[in-house]
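Asker: sequence unavailable; structure follows:
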């Protein structure tokens, strides 16, 4: 299958949206995550 210009633009737009949403979620949940998971091990269910 040959990618057309529209497919390339669609995948690029989706990639940009995923990056922006990941950054947004990081900043929204940063303080909550630090309160609940104080160490790396507790994030994976450890003590």
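Answerer: Cool, got the structure. Model, not experiment: these values are computed from the prediction.

Asker: spit out the contact partners of the residue nearest the centre of the chain.
Answerer: The centroid of the chain falls nearest to residue 22 when counting by C-alpha atoms, centre = their mean (2.9 Å). Applying C-beta atoms under 8 Å, 6 or more residues apart in numbering to residue 22 gives no contacts. Glycine gets a C-beta too; all of them are placed from N, C-alpha and C.

Asker: and the average pLDDT for the helix or strand where it lies is what?
Answerer: Assigned by DSSP states H and E, residue 22 falls within helix 5-36. Averaging pLDDT along helix 5-36 gives 89.

Asker: do you know how far the residue nearest to the centre of the chain is from residue 16?
Answerer: Look at residue 22 and residue 16: by C-beta to C-beta, to the nearest Å, they are 11 Å apart.

Asker: also residue 5?
Answerer: As for residue 5, its distance to residue 16 is 16 Å (criterion: C-beta to C-beta).

Asker: neighbour count: those two, which is higher?
Answerer: residue 16 (10 against 7; other C-beta atoms under 10 Å).

Asker: how far away is the more buried one from residue 41?
Answerer: In this view, residue 16 and residue 41 are 34 Å apart by C-beta to C-beta.

Asker: got it, and residue 2?
Answerer: 48 Å.

Asker: if you count what's nearby, which of these two comes out ahead?
Answerer: When residue 2 and residue 41 are compared for neighbours, residue 41 comes out ahead with 10 against 4, by other C-beta under 10 Å.

Asker: in which helix or strand would I find that one?
Answerer: helix 40-43.

Asker: state the mean pLDDT of that helix.
Answerer: Mean per-residue pLDDT for helix 40-43: 67.

Asker: helix, strand, or coil at residue 2?
Answerer: At residue 2, secondary structure determined by DSSP: H, G, I helix; E, B strand; the rest coil is coil.
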